[in-house]
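>>> With the input below, show me the fold.
(2 chains)
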Protein chains: 2
Amino acid sequence: MNIEKANAEATERMMEARPVLVGLGKAQDVIPDMRDNLLLHAGPPLTLRGASFGFAQDRPQGGAWERASGPMRGAITGALIFEGKAKNEAEAQALVESGEVELEPCHHHGAAGPMAGLIAPSMSVYIIENKTHGNQSFSGLNEGYGKVLRYGAYSEEVLAKLRWMEEVMAPVLAEAVVASGGIDIRALLAEALHMGDEGHNRNKAGSILYTARLAPFIAKAAPDPGVAADVLKFLGDNALSVLNPVMAACKAMADAAHGIEGSTIVTVMARNGTDFGIRVSGLGDRWFTAPVATPKGLYFPGFTAEDASGDIGDSTITETAGIGGFAMAAAPAIVTFVSGTPQDAINATLEMYEITYAEHRYFTIPPLDFRGTPTGIDIRKVVEKGITPRVNTGIAHKDAGVGQIGAGLVRPPMEMFEEAVVAFAEKYGY
Amino acid sequence: MNIEKANAEATERMMEARPVLVGLGKAQDVIPDMRDNLLLHAGPPLTLRGASFGFAQDRPQGGAWERASGPMRGAITGALIFEGKAKNEAEAQALVESGEVELEPCHHHGAAGPMAGLIAPSMSVYIIENKTHGNQSFSGLNEGYGKVLRYGAYSEEVLAKLRWMEEVMAPVLAEAVVASGGIDIRALLAEALHMGDEGHNRNKAGSILYTARLAPFIAKAAPDPGVAADVLKFLGDNALSVLNPVMAACKAMADAAHGIEGSTIVTVMARNGTDFGIRVSGLGDRWFTAPVATPKGLYFPGFTAEDASGDIGDSTITETAGIGGFAMAAAPAIVTFVSGTPQDAINATLEMYEITYAEHRYFTIPPLDFRGTPTGIDIRKVVEKGITPRVNTGIAHKDAGVGQIGAGLVRPPMEMFEEAVVAFAEKYGY
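Sure, this is the predicted structure:
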């Protein structure tokens, strides 16, 4: 078995995947194996680490509720209120602890969600189709800023917005996306990287490209001009509008690279607020996990690192696919948001070339003379060089319901990569 | 008289001017001293240089038609057909040569137009108001790519598009701009410079910011969803949609800096395809002119420098106000369009600090650690250092009706700056 060849194939598939946003649908109708009593969440299974250490085996759902962070509990509660299954956190807890409501990672269903990443059965999701390899992926609709479910908020204001998104916006978007003939997210990202985005924390260009491209179709799909205006304003004012389709697109690209025998390329990085988890192309569906760190960055006025939740969200799928923190050099203006200097941004990308297999064919960085972004994290290089991937992220308050309190940088724990290298050696006999 | 103090005041006024797009109106209704038989064009007067050399005094309108370049003649012809005053180029020529139709620079009327820059009485124009100092400025609507009047094309296809813009799009835009409460173009430009635009040849981010911001109001202002969709598509597909409001905004900023006694700051740079002309803050309304050069750059397939018209257009008002070629460092991706490398783009901006008085307070460049753009060209520095301003530009075919054939860089003739320095010395006794 030739690791180089396997990694070449994995990264080739990752880069040649062409994820196109083709439509929207209810999670229960379009996500494989979605069930009426199932909620999807960000990161690895909430139970897994506890279970693997043996202490949660006798707890309901492996102690998932007990192990869930504040924002994750808030988001679960909000999703169950949205579904009409619970009225408050106590009822939500009871439903989860009794096993009546089940929790599984988005990543077990071809999906990816920012922060808590909750997807409930009756929520609409974006459908991405990889036109090269045929696989599909999914993500929810971005709620914008302020108090939002993905940061664990579930006040009536949060739920009212979710209902508007579901009942008013989603049908218009669904029709508009189909009428547009689909939106090539890889092409949109390539464009946005030339406009100062890195595709994870900064999606300002991508979001208005997305809005402007859909605008004519939204004008026609809306039941009346007032709704068209509301939807256009909602998308246009939210510099993260495109984050969710981008994450689903990265998921489609990373999935295309998964399952290559002998490949040491990382195909998932994700956090549930308690654990960080990775999966590796040549190591099947096994998660390698470790406790999350707390991001370092800039806090909004009135908040400090003391208030921060542990690292959370599936959005690290962007770095997995070669953008986000890996494409910092394309986005010098992001430092006003995540801290540092433009030179730090350049250095961040240069460092990531040390631990990746390829330079992206379609995602290029103007300030680096259009060099391709560092793509395809190789667990061997991470361990050998002692360099963990660089991840950009939003920072959630540790308590449910507060929301975003900052943005910054975080590194995944090295021990996951070490464990993965050991597992690789065991499986392939090195 | 203190030149430094005068230049500080001029550049302070230039930077503190806050140009806001407040509406649209017919040129004849809103542009000061617009007349029914008047066409406005880019650059200095077509007659001036000939007249100042004495050879055109006996020609109709100082030999304006004779001196006009191919694209300028084409645009004049198209504008007169649009106005219903002529049927073809021969009739247009006759109207100009008889003096029945008069030609004056946009800059004599607070306006600025890209390439040939034609504004006819019945055309709609953007109205910019400088909220700090109260002056107004104007520009036409951008036609997009392909065969367009501003490059001298006037086929039926060109005129049909102009009529659609006038009859269908302009009323919707007019209502949408007012309903939006106005669009702060300085703020939009500051944002776009952080998204890889330089504001002259690359207005990709600015144009979709502009489209996305107006979209909700367009949806409501349009008479029906089909028109809303058409207008949104027209604006969203045109990466130069915002160029014209940007040029008018730069005109408003530069005008605010004009007329400061003792200032050596340039307040107009403009080309009519035959002559380049500048005006200086402390030297009143006098134009200093010299024959235009031909831009150097990248040509579209099938064209070479042989096919190029002389340098043309008022769009150099962007460099006059501290963006465009002066902000190249903000726009590394532009080199794919105008030639060169990202390092050349950095160097271009660094060179312009040599000949400018200030660093812009609101227009900042992320890759240069958010340094302000070089702002306020000082004619003394240009002459002393032997460095002429760096200008980005589109390249027109020399024949009327062909259109854009490339994009690149051009330098204004040094002799204008030398003449201006001499005039300054004469006026102020240095």
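>>> What is the lengthiest helix in chain A packed up against?
Scanning chain A for the helix with the most residues, using DSSP state H, yields helix A:204-221. If you count contacts as 3 or more C-beta pairs under 8 Å, 6 or more residues apart in numbering or on different chains; DSSP states H and E, helix A:204-221 packs onto helix A:170-180, strand A:183-184, helix A:185-193, helix A:225-237, helix A:243-256, helix B:204-221, helix B:225-237. Where C-beta positions appear, they are placed from N, C-alpha and C, glycine not excepted.
>>> Of all those, which one comes closest to A:Asn37?
With distances scored as C-beta to C-beta, the stretch of the helices and strands packed on helix A:204-221 nearest to A:Asn37 is helix A:170-180 (22.1 Å).
>>> can you give me the angle that closest one makes with helix A:243-256?
60 degrees (axes from the mean of the first three to the mean of the last three C-alpha atoms, to 10 degrees).
>>> now helix A:170-180 and helix A:204-221, what's the angle there?
Using the same axes, to 10 degrees: helix A:170-180 against helix A:204-221 is 90 degrees.
>>> Flag the shaky bits of the stretch 201-350 of chain A, pLDDT-wise.
Low-confidence segments of the stretch 201-350 of chain A (pLDDT under 70): none present.
>>> Give me the distance between the one residue sitting closest to the centre of chain A and chain B.
Centroid-nearest residue in chain A, with C-alpha atoms, centre = their mean: A:Ser315, separated by 2.5 Å. Distance of A:Ser315 to chain B, given as C-beta to the nearest C-beta, to the nearest Å: 21 Å.
>>> want to throw the helices and strands packed on helix A:204-221 into a markdown table with mean neighbour count?
Output for the helices and strands packed on helix A:204-221, formatted as a markdown table (neighbours: other C-beta atoms under 10 Å in any protein chain shown):
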| stretch | mean neighbour count |
| --- | --- |
| helix A:170-180 | 19 |
| strand A:183-184 | 20 |
| helix A:185-193 | 24 |
| helix A:225-237 | 21 |
| helix A:243-256 | 30 |
| helix B:204-221 | 26 |
| helix B:225-237 | 21 |
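>>> now these in JSON lines, with distance to B:Ala256?
As requested, those are exported to JSON lines (distance: least, C-beta to C-beta, whole Å):
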{"stretch": "helix A:170-180", "distance to B:Ala256": "42"}
{"stretch": "strand A:183-184", "distance to B:Ala256": "42"}
{"stretch": "helix A:185-193", "distance to B:Ala256": "34"}
{"stretch": "helix A:225-237", "distance to B:Ala256": "30"}
{"stretch": "helix A:243-256", "distance to B:Ala256": "40"}
{"stretch": "helix B:204-221", "distance to B:Ala256": "21"}
{"stretch": "helix B:225-237", "distance to B:Ala256": "28"}
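>>> among these, which is nearest B:Pro342?
Closest among the helices and strands packed on helix A:204-221, once you apply C-beta to C-beta, is helix A:185-193, at 13.5 Å.
>>> Around A:Asn203, count how many other residues there are.
30 (other C-beta atoms under 10 Å in any protein chain shown).
>>> ok, it - contacts?
A:Ala192, A:Asp197, A:Ala239, A:Leu240, A:Ser241, A:Val242, A:Leu243, A:Val246 (C-beta atoms under 8 Å, 6 or more residues apart in numbering or on different chains).
>>> how about the nearest residue to the second one, chain neighbours excluded?
Excluding the flanking residues, the one nearest A:Asp197 by C-beta to C-beta, 6 or more residues apart in numbering or on different chains is A:Ala205, at 4.7 Å.
>>> The one you found and B:Ser207 touch, don't they?
No: using C-beta atoms under 8 Å as the test, A:Ala205 is too far from B:Ser207 to be in contact (11.6 Å).
>>> In contact with the residue in the stretch 51-200 of chain A that chain B sits nearest to, which residues?
Nearest residue of the stretch 51-200 of chain A to chain B: A:His194, at 4.0 Å (C-beta to the nearest C-beta). Residues near A:His194 by C-beta under 8 Å, 6+ apart: A:Ala330, A:Thr364, A:Pro366, B:Gly196, B:Ala333.
>>> Let's see which of those residues end up in strands.
Those of these mapping onto strands are A:Thr364, per DSSP state E.
>>> Need the max-distance pair from the contacts of A:His194.
A:Thr364 and B:Gly196 (12.6 Å).
>>> higher neighbour count, the two?
B:Gly196 (29 against 19).
>>> Great, nothing more from me.
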